[in-house]
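**Q** Below: sequence and its predicted model.
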Amino acid sequence: MAGEPVTVVGSYISPYVRKVLVCLDLKGVAYQIDPIVPFFGNEQFSALNPVRRIPVLIDGDVTLSDSTVICEYLEERCPNPSLYPSSPEDRGRARWLEEFADTRIGEVLIWQLFNERIIRRFVWGEETDEARVRNALEVEIPQVLDYLERELDPAGAPFYGSLGIADIAVAAFFRNAAFAGFEVDPQRWPLTANFVARTLDCESFRKLRPFEELSLKTPIAKQREALMEAGAPISPSTLGASTPRRGVLGT
Ligand SMILES: N[C@@H](CCC(=O)N[C@@H](CS)C(=O)NCC(=O)O)C(=O)O
């Protein structure tokens, strides 16, 4: 990490990749990206990550999977600026919110909404399960938003004082919600709507937008080249394959 840029394997569209890219940017760590779409890893990718999920971070001879593991590694390698609260109490709370984001928010906004509306159609050529989406929109997403609304500071401060891992992890999922046509209702969840808008407006999130939008509108096989032309820091080689493979893990 001292001289060479690290490599992040994974598409700009993934919320877990987004979380890692924002942490790298806030810490000023140079990176290159191999923007493989989920399910499109080759054999070498399987060898690096047996559960075949993105992101993977490669830093010299260190290869790590899982956004939480990666962000903690980055925090320890590059402690300044710290993205974790200093007190054990708030650090524990921030880690819980990160976990809640990666599991429960991921379940409702990614698996039940974004995957249904986008990945199922564009990766697998399947129809959206409209009943599953309806249940997500009417029941499960509101439960998550009710919880966030209770946890957020009414004065509009970031979680635990300054922008950190909890804000980044939670907000990252709402980009995918927007890609899938969902926005938080500001009448019903004013604190959450404000939190999402404010956090996603930070420079580290904003600078990813052109690459996210380009990835969304470009056929999978052409994304790497299109991103390179648009100035994204694309890695010289790829762990991508030309056809998708069903996931190893369930949700
Ligand atoms: N807990 C993992 C979750 C990563 C994850 O679910 N990534 C999705 C893309 S958003 C993926 O790679 N899906 C492919 C699969 O399930 O096989 C993390 O925090 O990195």
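**A** Good, I have the coordinates. Numbering: from 1, shown residues only.

**Q** From now on I want contacts and neighbour counts done on CA atoms only, so please keep to that.
**A** OK.

**Q** buried stuff in the host helix or strand of A226?
**A** Per DSSP states H and E: A226 is located in helix 223-229. Within helix 223-229, the residues scored as buried using 16 or more other Cα atoms under 10 Å are 223-224, 226-227.

**Q** now do stretch 150-167
**A** 152-153, 158-160, 163-167.

**Q** out of those, who's near the ligand?
**A** Among those, proximity to the ligand is found for none (Cα under 6 Å from any ligand atom).

**Q** Which pair in these has the greatest spatial separation?
**A** Farthest pair in the buried residues of stretch 150-167 (Cα to Cα) is D153 and I165. Separation: 15.9 Å.

**Q** residue ranges with poor pLDDT in the stretch 1-150 of the chain?
**A** In the predicted model, the stretch 1-150 of the chain carries pLDDT under 70 at residues 2.

**Q** try 80
**A** Flagging of the stretch 1-150 of the chain using pLDDT under 80 yields the residue ranges 1-3.

**Q** Would you mind listing what in it touches the ligand?
**A** Close to the ligand, as judged by Cα under 6 Å from any ligand atom, the stretch 1-150 of the chain has residues 14-16, 38-39, 52-55, 66-68, 102.

**Q** Neighbours of E107, how many?
**A** 19 (other Cα atoms under 10 Å).

**Q** Ok, P88 next?
**A** By other Cα under 10 Å, 10 other residues sit near P88.

**Q** quick thing: my sequence starts at 35, can you match it?
**A** I'll keep to 35 as the first residue from here, and by that count the last item is P122.

**Q** Would you confirm that G265 belongs to a strand?
**A** No. If the criterion is DSSP: H, G, I helix; E, B strand; the rest coil, then G265 is coil and not within a strand.

**Q** where's it relative to L242, distance?
**A** 11 Å (Cα to Cα, to the nearest Å).

**Q** Please say which of these two ends up with more neighbours.
**A** L242 (16 against 10).

**Q** mind checking how far that one is from the ligand?
**A** Using Cα to the nearest ligand atom, to the nearest Å, one obtains 16 Å as the distance from L242 to the ligand.

**Q** List the residues that contact the closest residue to that residue other than its chain neighbours.
**A** In space, and not counting its chain neighbours, L242 is closest to Y46: 7.5 Å by Cα to Cα, 6 or more residues apart in numbering. Contacts for Y46 were tallied using Cα atoms under 8 Å, 6 or more residues apart in numbering; they are 52, 69, 242, 245-246, 249.

**Q** Contacts for the helix holding A260, please.
**A** Counting by Cα under 8 Å, 6+ apart, 68-69, 245, 248-249, 252, 268 sit against helix 257-263.

**Q** tell me the mean pLDDT over it?
**A** The pLDDT scores in helix 257-263 average 97.

**Q** Is it possible to get the contacts of Y46 out as a markdown table so that each row also shows secondary structure?
**A** Shown next, in a markdown table, are these (three-state DSSP):
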| residue | secondary structure |
| --- | --- |
| R52 | helix |
| P69 | coil |
| L242 | coil |
| F245 | helix |
| E246 | helix |
| S249 | helix |
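
**Q** Surely A205 touches V230?
**A** Yes. The criterion here is Cα atoms under 8 Å, and A205 meets it with V230 at 5.6 Å.

**Q** Looking at those two now, which is surrounded by more residues?
**A** More crowded of A205 and V230, by other Cα under 10 Å: A205, with 24 against 20.

**Q** distance of that one from the ligand?
**A** A205 is 14 Å from the ligand, by Cα to the nearest ligand atom.

**Q** got a list of what that residue touches?
**A** Going by Cα under 8 Å, 6+ apart, the list of residues near A205 reads 229-230, 233-234.
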